[in-house]
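# sharing a sequence plus its predicted fold:
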Amino acid sequence: MTPISPIALISTPYKEKFAIPRQPNLVSDVLGELHFCAGFDDANMLRGIEQFSHLWLIFSFHATASQGWSPTVRPPRLGGNEKVGVFATRSTFRPNGLGLSVVKNEGIVKQQGKTVLRVSGMDLLDGTPIIDIKPYVPYADSIADASGGFAPDAPEQLPVTFSSAATTQINGVQKTYPQLQQVIAAVLSQDPRPAYKKGQVDDKVYGVALYDFNIRWRVGANGIEVLEIEKA
Ligand code: SAM
């Protein structure tokens, strides 16, 4: 087999595994950037890619690679207590540790003389090694009558509100982080808590790291409330 090595690292706002969307395009407008590794920083390799609105990214689940895998897993979609085969899931814990996500192509830019490919809608941790990029080809990749097994539809979303302290903090960094409020709302509306907490009101204050911030939030009777935002 051809040896595999990353062609790029992706930068995303998702600084820890917790609260990353569980699939691509659940949180659609969030931008990421592919920074190409030595030997692959060649604009010729991307020639023609602008013709494709969406791209497949093949990547390594590098942050969980050392934890191994098992033949069965308990998907959050089944409440975290029913086991199915690893190949019937998109679990991060799998032989070879490879992931596959379709993302939107946001175009090529030059940064300090280097080629950067922008994408959006990814479900990837900041720094994830990208193994390959392929164009999404609608006539072959979109199957109108496909069945989605135990994950037939996108998960339900919770409403997200911001405390006045959080709103003031967001407004203070608006110029540098114009997407911050939108990203926090979209990420938290997925209710990133463990599956067994779904539908429960919860006194616990949770934290999540997005961009350069720690976001504190909790789940009340009216949905998710963002309490405060601190610089990490
Ligand atoms: N769409 C991909 C697939 O089907 O192969 C990924 C699905 S997987 C369920 C998505 C989750 O992988 C994210 O919510 C995050 O928790 C985790 N994840 C993302 N990037 C990762 C990385 N580099 N290493 C380990 N886990 C990662």
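Happy to help now that I have it. Numbers count the residues shown, from 1 in each chain.
# show me what from this structure comes close to the ligand.
For the chain, the contact set with the ligand under C-beta under 6 Å from any ligand atom comprises 17, 20-24, 61-64, 90, 92, 99-101, 123-125, 128. In this view, the C-beta of every residue, glycine as well, is placed from N, C-alpha and C.
# filter the residues you listed down to the ones in strands?
Using DSSP state E, the members of those that fall within strands are G99, L100, S101, T128.
# for the residue minimising distance to the centre of the chain, what are its contacts?
By C-alpha atoms, centre = their mean, the chain has its centre lying nearest to D123, at 1.7 Å. For D123, the contacting residues are I20, P21, R22, Q23, P24, L26, V27, S101, by C-beta atoms under 8 Å, 6 or more residues apart in numbering.
# ranges for the strands of this structure?
All strands of the chain, identified by DSSP E, fall at 8-11, 31-36, 54-60, 72-73, 84-85, 98-111, 114-120, 128-135, 160-162, 202-210, 213-220, 223-231.
# format the CA atom coordinates belonging to the last one as CSV.
In this case it means strand 223-231. Extracted in CSV, the C-alpha atoms of strand 223-231 (Å, rounded to 0.1, in the frame of the first residue of the first chain):
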residue,chain,number,x,y,z
GLY,A,223,-33.0,26.2,25.9
ILE,A,224,-29.3,27.1,26.1
GLU,A,225,-28.1,30.2,27.8
VAL,A,226,-24.7,31.5,27.1
LEU,A,227,-23.5,33.0,30.4
GLU,A,228,-20.0,34.5,29.6
ILE,A,229,-17.1,34.5,27.3
GLU,A,230,-13.6,34.7,28.5
LYS,A,231,-10.3,35.1,26.6
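# buried residues in that strand?
I224, E225, V226, E228, I229 (16 or more other C-beta atoms under 10 Å).
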